[in-house]
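Peer 1: Output the structure for:
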Amino acid sequence: MNWKNKIISLSVTATMLTASLTAGAFTASVSAAAVENSKAEVIWGVNLRTSPSTSASTIRQLPKGETVTILEESGSEWYKVQDADNRTGYISSSSKYTQAINGGVGSGGNTGASDSNYTSTAKGSQAVEKVIAAGMKYWGTPYEYGANRNSTATFDCSSFIRRAFLDALGTKLPSDSRQQGDYVKAKGPVQTDWRKLKRGDLMYFMSYKGTKASSYAGINKSKQRITHTGIYLGDGKVLHTYSNEGGGVTINDIAGKHWEYRFLFGGSAL
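Peer 2: Predicted coordinates:
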């Protein structure tokens, strides 16, 4: 395997390439050094957190296009970064969220992927971010079961998803969550493990039966009826609407909540 694929998001200088290093040793020895004080561009929105954990408080979401300074690695899954406003926090170190400003994909470096594959991925991520941005502009909009599909004054879960796609891409999804779920299944493979979802995938849930995992034990989820939908944001978050008590259009954590236990499947509508 080309070692460059291992450090796609990092920028390293030629002086680090010494004859005494093998490809494997090179990757191990320079990756940490190359991270410190390197610049990276956010390519998918990512949460800036107070500590390196998905359960930590969110300082804010870093939008696509913002440049951050990577101060150091924190474990194998997090970077400590400084944002454009000089605030310090932690973001996921997954390469799907950032790319190096110098080198790698952003500056035409060899990533091992073809130009056509990168173009396709770039277009896909752009569409995802447009949909999420369109949904976020309705933050706090009141919930109404059976809301008018032609109105933005109130939403139920499926009319909110439909509106986000319509505003962002001009794509008119089916009217209700079950039909939307069928639409996603027809588009391609779906995931029954929410942790394997990609940012922008649509999520589908069964009826609420309680807050504990035991309330859903023994249920054959493949036979359950879809009663709710939302947009997966990554970092264990879902953008959706389900009640006025819940804040209308809002974001919720998934892990350890009834959203995790009710999850049926998810996938891309693009």
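
Peer 1: which residues touch the nearest residue to Ala255 once chain neighbours are set aside?
Peer 2: With CB to CB, 6 or more residues apart in numbering as the criterion, Ala255 has its nearest non-adjacent residue at 5.0 Å, and that residue is Gly236. C-beta: built from backbone N, CA, C; applies to glycine. Counting by CB atoms under 8 Å, 6 or more residues apart in numbering, Gly236 makes contact with Thr54, Asp253, Ile254, Ala255.

Peer 1: quick one: the first one from Leu173, how far?
Peer 2: With the distance defined as CB to CB, to the nearest Å, Thr54 ends up 28 Å from Leu173.

Peer 1: Which of those two has more residues huddled nearby?
Peer 2: Under the criterion of other CB atoms under 10 Å, the comparison of Thr54 against Leu173 puts Leu173 first, with 22 against 17.

Peer 1: Next, the contact list for the more buried one, please.
Peer 2: Counted by CB under 8 Å, 6+ apart, Leu173 has contacts Ile161, Arg162, Phe165, Leu166, Gln180, Tyr183, Ala269.

Peer 1: Farthest-apart pair in these, please.
Peer 2: Spanning the widest gap among the contacts of Leu173 are Leu166 and Tyr183, at 13.7 Å by CB to CB.

Peer 1: for Thr69, helix, strand, or coil?
Peer 2: Look at Thr69: counting by DSSP: H, G, I helix; E, B strand; the rest coil, its state is strand.

Peer 1: for the closest residue to it other than its chain neighbours, what are its contacts?
Peer 2: Using CB to CB, 6+ apart and skipping the chain neighbours, the partner closest in space to Thr69 is Gln82 (4.5 Å). By CB under 8 Å, 6+ apart, the contact set of Gln82 is Val68, Thr69, Leu71, Thr88.

Peer 1: For Ala40, see how far away Gln82 is.
Peer 2: For Gln82, the distance to Ala40 - CB to CB - is 11 Å.

Peer 1: Can you check which residues contact both of those two?
Peer 2: Counting by CB under 8 Å, 6+ apart, the common neighbours of Gln82 and Ala40 are Val68, Thr69.

Peer 1: Now for Phe205, how many residues are close by?
Peer 2: If we define neighbours as other CB under 10 Å, then Phe205 has 28 of them.

Peer 1: quick one: Ile70 and Ser38 touch, right?
Peer 2: Yes. In this structure, Ile70 is within contact of Ser38 by CB atoms under 8 Å, at 5.1 Å.

Peer 1: and Arg163, that's in a helix?
Peer 2: Yes. Judged by three-state DSSP, Arg163 forms part of a helix.

Peer 1: contacting residues around the residue nearest to it when sequence neighbours are not counted?
Peer 2: Among residues not flanking Arg163 along the chain, Thr152 sits closest, at 6.3 Å (CB to CB, 6+ apart). Taking CB under 8 Å, 6+ apart, we find Thr152 in contact with Tyr138, Thr141, Arg163.

Peer 1: As a check, name the ranges of all strands in the protein.
Peer 2: Along the chain, the stretches classed as strands by DSSP state E are 38-42, 46-49, 58-62, 67-74, 78-82, 88-92, 98-100, 202-205, 228-234, 237-240, 250-253, 263-267.

Peer 1: who wins for proximity to Thr192 among those strands?
Peer 2: Going by CB to CB, the one of the strands of the chain nearest Thr192 is strand 263-267, 5.1 Å.

Peer 1: residues in contact with that closest one?
Peer 2: By CB under 8 Å, 6+ apart, strand 263-267 touches 181, 184-185, 187-192, 194, 197, 201-206, 221, 224, 226, 232, 254.

Peer 1: For PyMOL, write the select line for the buried members of those.
Peer 2: Entered in PyMOL, the line below selects the buried ones among the contacts of strand 263-267, by 16 or more other CB atoms under 10 Å:
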select buried, resi 181+184+190+191+194+197+201+202+203+204+205+206+226+232+254
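
Peer 1: Double-check Gln191 against Leu202; I have them as touching.
Peer 2: No. Contact between Gln191 and Leu202 fails when scored by CB under 8 Å: they sit 10.9 Å apart.

Peer 1: can you list the domain ranges for the protein.
Peer 2: 3-107, 126-267 (automatic domain parsing).

Peer 1: Done for today, thanks.
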